[in-house]
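# 3D, please:
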Amino acid sequence: MRPNILPKEFYFRDTVTVARELLGKRLVRVIDGMVLSGTISETEAYGHVDDPASHAHRRRTRRNAAMFGQVGRAYVYFTYGMHHCFNVVARSPDMAAGAVLIRGVVPDEGIDVMEQNRGRDRNIADGPAKLAQAMCITREQYGEDLTTYGGIYIEDSPGPATGAIRASPRVGVRDARPWNFTL
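Numbers count the residues shown, from 1 in each chain. The predicted model follows:
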């Protein structure tokens, strides 16, 4: 049975709305027939000229070109010379660029990451670098179509109850917009 993959239309909406609604969806990575998956537990929205914290704020570059491309594609970048970060291109029709950073997942299948330092009693990949490492996401996934069955995609699921979502300022960003969403 094929998974219920989120369609392109899901991502062709306001970036902040997509960031909230990705919570509770299932991120799936398939490598040589092995499945790694997790329920998305934290996201952050990044806009275009309206958002000084966005990679797309000033202009289009080779690095951020995916943010200006088709919605529903992966935007993966390398940061601090050692970490990959995974984003989903999402924006409304009136915006030229936008993406949602996937900051955390609660592992479902094939991922064994134990959070040690917050007293949690469950496996979790929180933080974009941990997530990318746990799910073997690298720049090789840059530009991949997440709306088709392949090496990486996002499945629909009922998602969390609205009251279960917490909005706060983005992590490490001086801008006080509450565009970080967690379960």
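
# need the next SSE after the helix or strand of the chain with the lowest mean pLDDT, C-terminal direction.
Among the helical and strand segments of the chain, the one scoring lowest on mean pLDDT, DSSP states H and E is strand 125-126, with a mean of 69. Remark: after strand 125-126, the chain's next helix or strand is helix 128-134, criterion DSSP states H and E.

# any idea which helix or strand comes after that next one?
strand 152-155.

# partners of the spatially closest residue to residue 70 that is not a sequence neighbour in the sheet?
The spatial neighbour of residue 70 that comes closest, neighbours along the chain excluded (Cβ to Cβ, 6 or more residues apart in numbering), is residue 89 at 6.7 Å. Bear in mind the C-beta positions are built from the backbone N, C-alpha and C, glycine included. Here residue 89 sits in beta bridges with residue 99, going by DSSP bridges.

# so where do the strands sit in the protein?
In the chain, the segments counted as strands under DSSP state E are 26-31, 34-46, 74-79, 83-89, 99-109, 125-126, 152-155, 166-168, 180-182.

# beta partners for the residue nearest to residue 26 when sequence neighbours are not counted?
Leaving aside its sequence neighbours, residue 26 sits nearest to residue 155 (Cβ to Cβ, 6+ apart; 4.2 Å). Residues in a beta bridge with residue 155, per DSSP bridges, are residue 5, residue 26.

# Report how many residues lie close to residue 155.
16 (other Cβ atoms under 10 Å).

# Ok, residue 157 next?
There are 14 residues near residue 157, going by other Cβ under 10 Å.

# what does residue 96 give?
Residue 96: 12 surrounding residues under other Cβ under 10 Å.

# Residue 63 too?
Neighbours of residue 63 (other Cβ under 10 Å): 14.

# Got the confidence number for it?
If you check residue 63, the pLDDT there is 78.

# That one and residue 75 touch, don't they?
No: using Cβ atoms under 8 Å as the test, residue 63 is too far from residue 75 to be in contact (9.3 Å).

# can the strands of the chain go into JSON lines with extra columns for distance to residue 138?
Output for the strands of the chain, formatted as JSON lines (distance: least, Cβ to Cβ, whole Å):
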{"stretch": "strand 26-31", "distance to residue 138": "11"}
{"stretch": "strand 34-46", "distance to residue 138": "13"}
{"stretch": "strand 74-79", "distance to residue 138": "7"}
{"stretch": "strand 83-89", "distance to residue 138": "5"}
{"stretch": "strand 99-109", "distance to residue 138": "14"}
{"stretch": "strand 125-126", "distance to residue 138": "15"}
{"stretch": "strand 152-155", "distance to residue 138": "11"}
{"stretch": "strand 166-168", "distance to residue 138": "29"}
{"stretch": "strand 180-182", "distance to residue 138": "24"}
